[in-house]
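**Q** Sequence and predicted structure are below.
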Amino acid sequence: MIKKVVGASLIGTTVEWYDFFLYGSAAALVFNKLFFPTADPLTGTLLAFTTYAIGFLARPLGGLVFGHYGDRLGRKKLLVLSLLLMGGATMLMGVLPTYASVGVLAPVLLTLLRLVQGFALGGEWGGAVLIVSEHGDPKRRGFWASWPQAGVPCGNLLATGVLAVLAAVQSDEAFLAWGWRVPFLLSGVLVVIGLWIRLSVSESPIFLAAQEKAAKEKGSEPEKAPALLLLKHNWREVLIAMGARFAENVSYYVITAFILVYVVTGLGLSKSVGLNAVLIASAVHLITIPVWGHLSDRFGRRSIYLVGAVGMAAWIFAFFALLDTRDPVLITVATTVGLVLHGAMYGPQAAFFSELFGTRVRYSGASVGYQLASIVAGALAPLIATALLQAYKSSFPIAVYVLITCVITVVAIAFARETRGADLEERDRVTV
């Protein structure tokens, strides 16, 4: 059963992140020309990344709404809904008219669909990692729960791979005219496959047990909303989760999204250099995330997380130094090592966040902590990095920016308790 649940979660998260990352890659490569045409390429890219960031603003709202109903109704129903919302929004992006056709209406429609994407993704992550965490063995929870996390590089691998193939076989004119639409329309096929598998899994047994217990204890007293219970009893855990997200979230989007801007606009190289580097690095990232999850089962969530945060603080300077060589091989090495270090934070994260909260607020707590940080971390990362490049014409301030986020994460992990091997049902007896 656990393998089936892991497979369903992995495929679902892969589809969701494919849709979400596809937008980020398109924002760096074509949206600036199609939806925000200006004389200055960097200004157009900033505007495109602004709509990219707007998707992150909707993620905490999605986390709250999906978390509320996920803690009330179950994980499975909400996971199906999130997949339908994300896939529908992405397919519609593939048929949007451009600025040249309808003027300002084009970026408005693009922004609205990006909000739907963000809302859907805000509910996806919490449900996917929790349904695995609540099915699995506590001794191997870090390993099993890391597989939905691997949906991130899987989705990025698919999105970048499709774009890289199209860029290789099409002229720049054809890609700009219609080729960019193909990956968005392919989302429909992926959604059908994801739904077919996701509908076949059972609801979390820990959630069902907690729901039955709550029904017996409630009596005539009205049940409090999970968000209210969360704010009353678990605000400290929410803050820890948010702090832990900073370095992981910012570094990821600098390495996978901003790199396309830096390679093309900053270094004057072909977009294929950046796409191929992210493609190869994502394949390695996919393999290493479960490895880091397994290591967190042996050595603890906090210690592995710190390896990633401290390692990233040091590597980000080497990352940009290798990019500046303009050597495609060294650019690929820089990106790959960066994502391996990111995996040390992202691999244990699912189990770590799940173990911080009790079942009645676990979906809300994990989702809110994860998604609130996204607003000021991942949402702004490409924007801040692009603005720093435009202002200073140097990568050094961008590396310092990532370093600061690593310090925030190290402090948050220092205040966290070790959760490895926690009994989720036992936790329900000592907290909400």
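**A** Looks like it arrived, so ask away. Residues are numbered from 1 along each chain as shown.

**Q** Alpha carbons of the helix or strand in which Leu81 is found, as PDB, please.
**A** Here Leu81 is covered by helix 75-93, with elements defined by DSSP states H and E. What follows is helix 75-93, C-alpha atoms only, in PDB (Å, rounded to 0.1, in the frame of the first residue of the first chain):
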ATOM      1  CA  ARG A  75      -6.400  14.300   2.100                       C
ATOM      2  CA  LYS A  76      -7.500  12.400  -1.000                       C
ATOM      3  CA  LYS A  77     -10.500  14.500  -2.100                       C
ATOM      4  CA  LEU A  78      -8.500  17.800  -1.900                       C
ATOM      5  CA  LEU A  79      -5.600  16.300  -3.900                       C
ATOM      6  CA  VAL A  80      -7.900  15.400  -6.800                       C
ATOM      7  CA  LEU A  81      -9.300  18.900  -6.800                       C
ATOM      8  CA  SER A  82      -5.900  20.600  -6.800                       C
ATOM      9  CA  LEU A  83      -4.800  18.500  -9.800                       C
ATOM     10  CA  LEU A  84      -7.900  19.500 -11.800                       C
ATOM     11  CA  LEU A  85      -7.400  23.200 -11.000                       C
ATOM     12  CA  MET A  86      -3.800  23.300 -11.900                       C
ATOM     13  CA  GLY A  87      -4.100  21.300 -15.100                       C
ATOM     14  CA  GLY A  88      -7.100  23.400 -16.300                       C
ATOM     15  CA  ALA A  89      -5.300  26.700 -15.700                       C
ATOM     16  CA  THR A  90      -2.100  25.500 -17.500                       C
ATOM     17  CA  MET A  91      -4.000  24.300 -20.600                       C
ATOM     18  CA  LEU A  92      -5.800  27.600 -20.900                       C
ATOM     19  CA  MET A  93      -2.400  29.400 -20.800                       C
END
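
**Q** just checking, what packs against it?
**A** With contacts taken as 3 or more C-beta pairs under 8 Å, 6 or more residues apart in numbering; DSSP states H and E, helix 75-93 sits against helix 2-26, helix 41-73, helix 105-133, helix 181-198. Heads up, the C-betas are built off the backbone N, CA and C, glycines and all.

**Q** in the third one, what counts as buried?
**A** To tie it back to what came earlier, the one meant is helix 105-133. Residues of helix 105-133 classed as buried by neighbour count (16 or more other C-beta atoms under 10 Å): 106-107, 109-110, 113-133.

**Q** And the second one, by the same measure?
**A** Across helix 41-73, burial judged by 16+ other C-beta under 10 Å covers 42, 44-60, 62-72.

**Q** what is the orientation angle of it with helix 105-133?
**A** Taking axes from the mean of the first three to the mean of the last three C-alpha atoms, to 10 degrees, one finds helix 41-73 and helix 105-133 inclined to each other by 40 degrees.

**Q** Quick check: mean pLDDT of helix 41-73?
**A** Averaged across helix 41-73, pLDDT comes to 78.
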